[in-house]
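Peer 1: got a structure for you, letters missing:
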Ligand code: PMP
């Protein structure tokens, strides 16, 4: 049989059709235009990247390891980096894992993909916070999982909603995906009083947890939150970390801590199929940077200082410019806050009006599983400086007033 003239020669797999396109990527294309104030992306402030230190670390990697830095490497990752990660997880997150239980991944996004690939058959259930990180929705959807959103509030996922979801799920969910510290998109954290209950629920119903923690180091106020995994007693627990938000996302160095040896082996096989290994040069550069604790601490302190000011500028600007009836979260860390317009409003209308005034944000509908709450939106506060933040929020409020 001959192919139809003009038809695509590709007969696509159905699973790739179920992935929601990222509205964010589309919106980011508009941020490059001059005069635009963007609250849309999740970009760290580029002017704060430790360029000199990364240059020195890369030179050290090449000087110390020579050709090995450019050679193929182990799928599991560069040994000294895995050792550093295991020690760091113990010191900063209260997690006890050995270097042998750490898989270096090409950004935590790859960790989400690999876990989904190993775990999920079509139709399997995954419980997620609602709203949820869009990249996780995409990764799980790519394996044709069914996502069940669990209600959240200022204290993160709600235990009684999680119990109800576990009890009423048509089958045992394969995974519970959580971002307990400074969530994307809302900026909220799991309240310490809820932590033990969430872990106990996952264990009672036999549902493994994937804890995603790219923002844990970016804390500007409030008490430190321990990682949820520090409370987990079983092997059914996975922890994802990343250098993206506190060092540089372009390195693509993240990690997945896995206590279950059989699951770890499967992850290694699927990672081999995906990319053989995370680039050896960036792993080594990251290691040579990270092995100086004083430099890391000093850099994180600068990030927190700058981002705290930007967060405060955005909170003050929202209070100053937005009318009553709008509500927003007050995150203790991370890169985002979440805004609720009055019920009945549509953030897409505001997006259209704000775009004409050269202000961008991400309408909330991309982050919802199931029925979206259309009056919600995500604002990033790390990218623009305080003056631009105030001006951007002023324009946002004026766009909103124009719609009324
Ligand atoms: N998880 C969450 C919650 C994120 O917000 C992001 C990045 N925006 C990622 C994972 C992926 O980050 P990376 O792959 O750069 O580590």
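Peer 2: Arrived safely, thanks for sending. Keep in mind that this is a model prediction, so the values were computed, not measured.
Peer 1: drop to CA atoms for contacts and neighbour counts, all remaining ones
Peer 2: Will do.
Peer 1: where do the strands sit along the protein?
Peer 2: Assigned by DSSP state E, the chain shows strands spanning 37-38, 102-105, 125-130, 146-153, 156-157, 175-178, 209-212, 237-242, 254-258, 327-328, 336-340, 359-360, 362-363, 376-380.
Peer 1: and the ligand, which of the ones you listed is closest to it?
Peer 2: Across the strands of the chain, the ligand has its closest neighbour in strand 237-242 (4.6 Å, C-alpha to the nearest ligand atom).
Peer 1: mind listing what that closest one pairs with, with the direction of each?
Peer 2: Applying DSSP bridges, strand 237-242 is found paired with strand 209-212 (parallel), strand 254-258 (antiparallel).
Peer 1: in that strand, what counts as buried?
Peer 2: Judged by neighbour count using 16 or more other C-alpha atoms under 10 Å, the buried positions of strand 237-242 are 237-242.
Peer 1: now stretch 397-404
Peer 2: Buried residues in stretch 397-404, counted by 16+ other C-alpha under 10 Å: 397-400.
Peer 1: shaky segments in the stretch 51-200 of the chain?
Peer 2: Counting by pLDDT under 70, the stretch 51-200 of the chain contains no low-confidence segment.
Peer 1: and the longest helix along the chain, what does it pack onto?
Peer 2: When the chain is parsed with DSSP state H, its longest helix is helix 293-321. Applying 3 or more C-alpha pairs under 8 Å, 6 or more residues apart in numbering; DSSP states H and E, we find helix 293-321 packed against helix 280-290, helix 386-403.
Peer 1: go with 7 Å
Peer 2: With contacts taken as 3 or more C-alpha pairs under 7 Å, 6 or more residues apart in numbering; DSSP states H and E, helix 293-321 sits against helix 386-403.
Peer 1: quick one, the helix it packs on and strand 376-380 angle?
Peer 2: 160 degrees (axes from the mean of the first three to the mean of the last three C-alpha atoms, to 10 degrees).
Peer 1: What residue, apart from its backbone neighbours, is nearest residue 158 spatially?
Peer 2: residue 152 (5.3 Å; C-alpha to C-alpha, 6 or more residues apart in numbering).
Peer 1: For that neighbour, give me its contacts.
Peer 2: 129-130, 158 (C-alpha atoms under 7 Å, 6 or more residues apart in numbering).
Peer 1: Most neighbours of all the residues you listed, which one?
Peer 2: Counting neighbours by other C-alpha atoms under 10 Å, the top entry in those is residue 129, with 26 neighbours.
Peer 1: ok, so what distance separates that one from residue 68?
Peer 2: For residue 129, the distance to residue 68 (C-alpha to C-alpha, to the nearest Å) stands at 42 Å.
Peer 1: With residue 165 instead?
Peer 2: According to C-alpha to C-alpha, residue 165 stands 49 Å off from residue 68.
Peer 1: which of those two has more neighbours?
Peer 2: Counting neighbours by other C-alpha under 10 Å for residue 165 and for residue 68 shows that residue 165 has the greater number, 17 against 13.
Peer 1: Bridged to the closest residue to the more buried one other than its chain neighbours, which residues?
Peer 2: Among residues not flanking residue 165 along the chain, residue 150 sits closest, at 6.9 Å (C-alpha to C-alpha, 6+ apart). When assigned by DSSP bridges, residue 150 has beta-bridge partners residue 129.
Peer 1: Is it correct that residue 150 is in contact with residue 126?
Peer 2: No - using C-alpha atoms under 7 Å, residue 150 makes no contact with residue 126, being 10.3 Å away.
Peer 1: What residues does the stretch 251-400 of the chain have near the ligand?
Peer 2: Within reach of the ligand by C-alpha under 6 Å from any ligand atom, the stretch 251-400 of the chain has these residues: residue 254.
Peer 1: swap that for the stretch 1-150 of the chain, please
Peer 2: Residues of the stretch 1-150 of the chain lying close to the ligand by C-alpha under 6 Å from any ligand atom are 42, 107-109, 133.
Peer 1: picking up where we left off before, what's the most distant pair in the buried residues of strand 237-242?
Peer 2: Greatest spatial distance in the buried residues of strand 237-242: 237 and 242, 17.2 Å, computed using C-alpha to C-alpha.
Peer 1: So what's the residue count around residue 342?
Peer 2: Counted with other C-alpha under 10 Å, residue 342 comes out at 14.
Peer 1: For residue 99, see how far away it is.
Peer 2: Distance from residue 342 to residue 99, counting by C-alpha to C-alpha: 49 Å.
Peer 1: just residue 153 next, same as before
Peer 2: Taking C-alpha to C-alpha as the measure, residue 153 falls 36 Å from residue 99.
Peer 1: who wins for proximity to residue 322 among the strands paired with strand 237-242?
Peer 2: Smallest distance to residue 322 across those (C-alpha to C-alpha): 32.2 Å, for strand 209-212.
Peer 1: Which positions within that closest one qualify as buried?
Peer 2: Neighbour counts over strand 209-212 (16+ other C-alpha under 10 Å) mark 209-212 as buried.
Peer 1: for the record, mean pLDDT for it?
Peer 2: Averaged over strand 209-212, pLDDT sits at 98.
Peer 1: who touches residue 161 in this structure?
Peer 2: So residue 161 contacts 150-151 (C-alpha under 7 Å, 6+ apart).
Peer 1: I'd like to know how far it sits from residue 264.
Peer 2: Per C-alpha to C-alpha, residue 161 is found 31 Å from residue 264.
Peer 1: what does residue 331 give?
Peer 2: Residue 331 sits at a distance of 34 Å from residue 264 (criterion: C-alpha to C-alpha).
Peer 1: Tell me which of the two has more neighbours.
Peer 2: Using other C-alpha under 10 Å as the criterion, residue 331 and residue 264 rank with residue 331 on top: 26 against 20.
Peer 1: List phi and psi for the more buried one.
Peer 2: phi -70, psi 150 (degrees, to the nearest 10).
Peer 1: and it, what is it in contact with?
Peer 2: Residues near residue 331 by C-alpha under 7 Å, 6+ apart: 182, 187-188, 337.
Peer 1: State the pLDDT value of it.
Peer 2: On pLDDT, residue 331 comes in at 98.
Peer 1: For residue 256, which non-adjacent residue is closest in space?
Peer 2: The shortest distance from residue 256 to any non-neighbouring residue, by C-alpha to C-alpha, 6+ apart, is to residue 240 (4.6 Å).
Peer 1: Assess the claim that that neighbour and residue 215 are in contact.
Peer 2: No - the criterion here is C-alpha under 7 Å, and residue 240 misses it with residue 215 at 10.7 Å.
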